[in-house]
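>>> got a predicted model here, sequence first, then my questions.
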Amino acid sequence: PDALVVATGCYAQRAKDDLSDMEAVSLVLDNRDKPTLVSTIADKLNVSLDSHKGIRTAPAYSRSRSMIKIQEGCNQICAYCIVPKVRGRERSIPPNEIISQVRDRFESGCQEVVLTGTQLGTYGFDLPGITLAGLLQKILASTDIKRLRISSLQAQEITPDLLALWDDVRLCPHFHIPLQSGSDTILKSMRRRYNTDQFKETVNLVRKTISDVAITTDIIVGFPEEGVKEFAESYSFAASMRFSDMHVFPYSIRPGTSAAYLDKQVVDTNKKERTGEMLELAAAAMRKFRYESIGQIRPVLWETAERNKPGHIWSGLTDNYLRVKANIDLKLSNTLTNTRLTGLDGDWMTGDVVPH
């Protein structure tokens, strides 16, 4: 009952007054306030950060995996997206700052770093002589991090020169490439910077260059003017891409975006039905990719264990982004081991650690 409830993030940036009017919300902090979030809360609670009886701050990363933001904002202005308005234009963080953070995380025990941001593929456009490929080369050459993962890339930003860097096994063979729609009509209306032919060409290039690669995606269902024909095109194209997983979202209006003013908004009942169909496709694609992975030996970064006498059930993540569990009486926390994938248990792979 006496909890301090803080609302933050993009919604807080876009609709601060709406959140402030909610009785349940104690404090609203937008994206610009995030760097001082802890100290602001401490002041609100009237406690000292310097006191051992006050708030104890924890590192902003787990022991095994760390997220590091390399850029902020987006210049692409897709029709449905509020991000450019709430996060601003693209701004790249200088490479030396990123490399310093990667070293710090590794020295703190992290085995894997995930590079995050809103628009990673155009990283460095505002820094003379710097590109995403150049940043990756610098990180690989200047740090001892064991695994490096890229959170998301647009189809039109993936080139042969960029993919050539994946010759280094520390770069994880997992690409998240947002599709959003498999209908060219809807992609054009969304103001995406590719069509289905270009997207397919990129996916084929990735698979040709990198073996056993996992490709995941985002899809929006029920965008304005998506009729039966357009949804069928989107469903069929998504099925043909053989994604290892799909994040499916029903379209929702964001005030201030151009899509909010488009005619022929899709009724909720149709959105719900189509979302259900796309989610079934996503589940089938996910199972198929995992079944095809059975028998492979992949490096797994182990994270946590659940006690299960005898031994422990450990959970971890492969380099190509498959969740694995193994029942073994060993201390595996924060270690990388080669693991044979033996089966499927729900959404999880089962595995056996391969002896050295």
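Nice, I can see it. Numbers count the residues shown, from 1 in each chain.

>>> excluding sequence neighbours, find me the nearest residue to the most centrally placed residue in the chain.
What sits nearest the mean C-alpha location of the chain, by CA atoms, centre = their mean, is S151, with 4.6 Å. Distance criterion CB to CB, 6 or more residues apart in numbering; nearest residue to S151, sequence neighbours excluded, is T116 at 4.5 Å. (C-beta placed from N, C-alpha, C; glycine too.)

>>> list the residues that contact that neighbour.
By CB atoms under 8 Å, 6 or more residues apart in numbering, the contact set of T116 is M67, I68, K69, I70, S151.

>>> right, and the fourth one touches E90 too?
No. With contacts defined as CB atoms under 8 Å, I70 does not count as touching E90, sitting 11.1 Å away.

>>> so which residues of the protein form helices?
Applying DSSP state H to the chain gives helices spanning 10-14, 16-20, 37-45, 83-87, 95-107, 132-142, 160-163, 184-190, 196-209, 228-240, 268-293.

>>> quick one: closest of those helices to V221.
helix 268-293 (4.7 Å; CB to CB).

>>> chain center to that closest one, what's the gap?
Centre-to-centre, helix 268-293 and its host chain are 19 Å apart (CA atoms, centre = their mean, to the nearest Å).

>>> which secondary structure elements does it contact?
Counting contacts by 3 or more CB pairs under 8 Å, 6 or more residues apart in numbering; DSSP states H and E, helix 268-293 is packed against strand 214-221, helix 228-240, strand 245-250, strand 336-345.

>>> let me see the mean pLDDT of that helix.
Mean pLDDT, computed over helix 268-293, is 97.

>>> check which residues of that helix are buried.
N270, K271, R274, T275, M278, L281, A282, A285, M286, F289, R290, S293 (16 or more other CB atoms under 10 Å).

>>> distance of P173 from T159?
For P173, the distance to T159 (CB to CB, to the nearest Å) stands at 17 Å.

>>> now swap in R149 and tell me
R149 is 19 Å from T159, by CB to CB.

>>> cool, and S244?
From S244 over to T159 the distance is 22 Å, taken as CB to CB.

>>> equivalent analysis for I99, please.
To T159, I99 is 23 Å away according to CB to CB.

>>> the more surrounded of those two?
Using other CB atoms under 10 Å, the more surrounded residue of I99 and T159 is I99, with 18 against 13.

>>> ignoring the adjacent residues along the chain, who's closest to that one?
S142 (5.2 Å).

>>> and for the one you found, the neighbour number?
Burial of S142 is recorded as 14 neighbouring residues (other CB under 10 Å).

>>> same deal with the one 4 residues further on?
Counted with other CB under 10 Å, the burial measure for K146 works out to 16 neighbours.

>>> for the chain, give me the ranges with low pLDDT.
Applying pLDDT under 70 to the chain picks out residues 50-62, 308-311.

>>> what residues sit buried inside stretch 193-210?
Across stretch 193-210, burial judged by 16+ other CB under 10 Å covers Y194, N195, T196, F199, K200, T202, V203, V206, T209, I210.

>>> how many other residues sit next to the closest residue to the fourth one other than its chain neighbours?
Here the nearest residue to F199 in space, its sequence neighbours aside, is A155; by CB to CB, 6+ apart that works out to 4.6 Å. Residues within reach of A155, counting by other CB under 10 Å, total 24.

>>> please list all residues in contact with A155.
Counting by CB under 8 Å, 6+ apart, A155 makes contact with I177, L179, Y194, Q198, F199, T202, V203.

>>> reformat these as CSV; add distance to R323.
Supplementary listing: these in CSV, determined by distance: CB to CB, whole Å:
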residue, distance to R323
I177, 20
L179, 22
Y194, 30
Q198, 31
F199, 26
T202, 26
V203, 23
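
>>> closest one of those residues to I219?
L179 (5.6 Å).

>>> wait, the closest one touches T216, no?
No. Contact criterion CB under 8 Å: L179 and T216 do not qualify, at 10.0 Å.

>>> which pair in the buried residues of stretch 193-210 has the greatest spatial separation?
Of all pairs in the buried residues of stretch 193-210, the most separated under CB to CB is N195 and I210 at 23.3 Å.

>>> so what's R63 up against?
Contact analysis of R63 by CB under 8 Å, 6+ apart lists S108, G109, C110, S333, N334.

>>> which of the residues you listed are buried?
Buried among the contacts of R63 by 16+ other CB under 10 Å: C110, N334.

>>> W166 and N320: what is the separation?
Taken as CB to CB, the span from W166 to N320 is 11 Å.

>>> same thing with V267?
Here the criterion is CB to CB. By it, V267 lies 39 Å from N320.

>>> and G129, by the same measure?
Going from G129 to N320 by CB to CB gives 32 Å.

>>> what does R191 give?
Distance of R191 to N320, given as CB to CB: 31 Å.

>>> look at these two and report which has more neighbours.
The neighbour comparison of R191 against N320 (other CB under 10 Å) goes to N320, with 22 against 14.

>>> for the residue nearest to that one when sequence neighbours are not counted, which residues are in contact?
Counting by CB to CB, 6+ apart, A214 is the residue found nearest to N320 once chain neighbours are left out, at 4.0 Å. Residues counted as contacts of A214 (CB under 8 Å, 6+ apart) are P173, H174, F175, S244, D245, F289, N320, Y321, L322.

>>> again, only this time at 6 Å
Residues near A214 by CB atoms under 6 Å, 6 or more residues apart in numbering: H174, S244, N320, Y321.

>>> tell me which of the residues you listed fall in strands.
Those of the contacts of A214 mapping onto strands are H174, per DSSP state E.
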